[in-house]
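Engineer: After the sequence you'll find the predicted model.
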Amino acid sequence: MDANEAMFPEERRQFHLARYEFALERCRDKRVLDGACGTGYGSALLGGAAESVVGIDCARDAITYAAANYSAPNVAFQTSFVESTPFPDEAFDVVVSFETVEHTLCPRAHLMEIARLLDPGGMAIVSVPNAWGLTDHHFVDFNLDLLQEVARPFFAEMSFYYQNPASHARFPGIAPLTSASPENAQCIIGVLEAPEKQSIRRKRDEAVMSEIYDLAFRRHADYLTLAYRARTGPVRRLQNKLRSLLARAPH
């Protein structure tokens, strides 16, 4: 989706743009990475304030579109996964990654890579959908507790905000989460600071793959449990019914 294109619903477009507007002042005169930039509209918005912006996405067609429509002297795009980038340590002052980490099989490695890329005084701004459940495209169902758990090893300072669409009855827009309980947030934005460099593993690819396999095996175990219940459920129900009939039968 290009949030600047009127073919998409207005409220949805504004919902996506609002995150970048929230990040804009925090990116002023900074070296910025837009992790999972999609079609690049947000990278271009940040480019209006930042010293430089690099937008990355694993979807080549999105990067092709972004480069054709939003490249600028201080805004560039390239294909990359957020959890395994080609950039050197401490290459950026700010990393934004909106509605991304729930799509990856290695959310901890995702946050670890962001911490590696940041200057020691740098900042990450990430957002996740709040308790939406697993979907066709979400591997992890995030809420505030899980976002804190995943980020805590890599950032010493964290603050959180809710984001809701303009039509939300009680808590529209973006504001500190202290002013509303987490269940009132459609999305949660984390501002993560003071990257914990000692938590970054030297063998980053190993960290990515081990986390992917850990999640895959846990999901596989869940599947096998469900499959077992599906197979044995009817048999157990029949056995229980027979026991009930036998118990009521005259002796």
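Structural biologist: Right, received. Where do you want to start?
Engineer: ok now do the nearest residue to Thr100 once chain neighbours are set aside, which residues does it touch?
Structural biologist: What sits nearest to Thr100 in space, not counting adjacent residues and going by Cβ to Cβ, 6 or more residues apart in numbering, is Ala36, at 4.0 Å. Every C-beta, even on glycine, is put in place using the N, C-alpha and C of the backbone. By Cβ atoms under 8 Å, 6 or more residues apart in numbering, the residues touching Ala36 are Ile56, Asp57, Cys58, Val82, Ser97, Phe98, Glu99, Thr100, His103.
Engineer: Any idea how many residues pack against the last one?
Structural biologist: Counted with other Cβ atoms under 10 Å, residues neighbouring His103 total 17.
Engineer: Provide the secondary structure category for the residue nearest to it when sequence neighbours are not counted.
Structural biologist: Spatial nearest neighbour of His103, excluding adjacent residues (Cβ to Cβ, 6+ apart): His137 at 6.0 Å. At His137 the chain is in coil, as set by DSSP: H, G, I helix; E, B strand; the rest coil.
Engineer: shouldn't His137 be in contact with Thr104?
Structural biologist: No. Using Cβ atoms under 8 Å, His137 makes no contact with Thr104, being 10.8 Å away.
Engineer: chain center to the lengthiest helix in the chain, what's the gap?
Structural biologist: In the chain, with assignment by DSSP state H, the single longest helix is helix 204-248. The chain centroid and the centroid of helix 204-248 are separated by 28 Å under Cα atoms, centre = their mean, to the nearest Å.
Engineer: now swap in stretch 186-198 and tell me
Structural biologist: Distance, centroid of stretch 186-198 to centroid of chain: 11 Å (Cα atoms, centre = their mean).
Engineer: what sits against Arg19?
Structural biologist: Counting by Cβ under 8 Å, 6+ apart, Arg19 touches Gly42, Val96, Phe98, Ile125, Ser127, Gln163, Ile174, Ile189.
Engineer: ah, wrong one, I meant Cys187
Structural biologist: Contacts for Cys187 (Cβ under 8 Å, 6+ apart) come out as Glu99, Ser127, Val128, Pro129, Asn130, Tyr162, Gln163, Asn164.
Engineer: what about 6 Å?
Structural biologist: Counting by Cβ atoms under 6 Å, 6 or more residues apart in numbering, Cys187 touches Ser127, Pro129, Asn130, Gln163.
Engineer: Report pLDDT for it.
Structural biologist: According to the prediction, Cys187 has pLDDT 95.
Engineer: give me the element the closest residue in space to Arg152 that isn't next to it in sequence is part of.
Structural biologist: Nearest residue to Arg152, sequence neighbours excluded (Cβ to Cβ, 6+ apart): Met158, at 7.3 Å. Using DSSP states H and E, Met158 sits within strand 155-164.
Engineer: swap in Asn69?
Structural biologist: When elements are assigned from DSSP H and E, Asn69 belongs to helix 60-70.
Engineer: Output the below-cut-off pLDDT ranges for the stretch 151-251 of the chain.
Structural biologist: Within the stretch 151-251 of the chain, the ranges that satisfy pLDDT under 70 run 235-236, 238-239, 241-242, 245-251.
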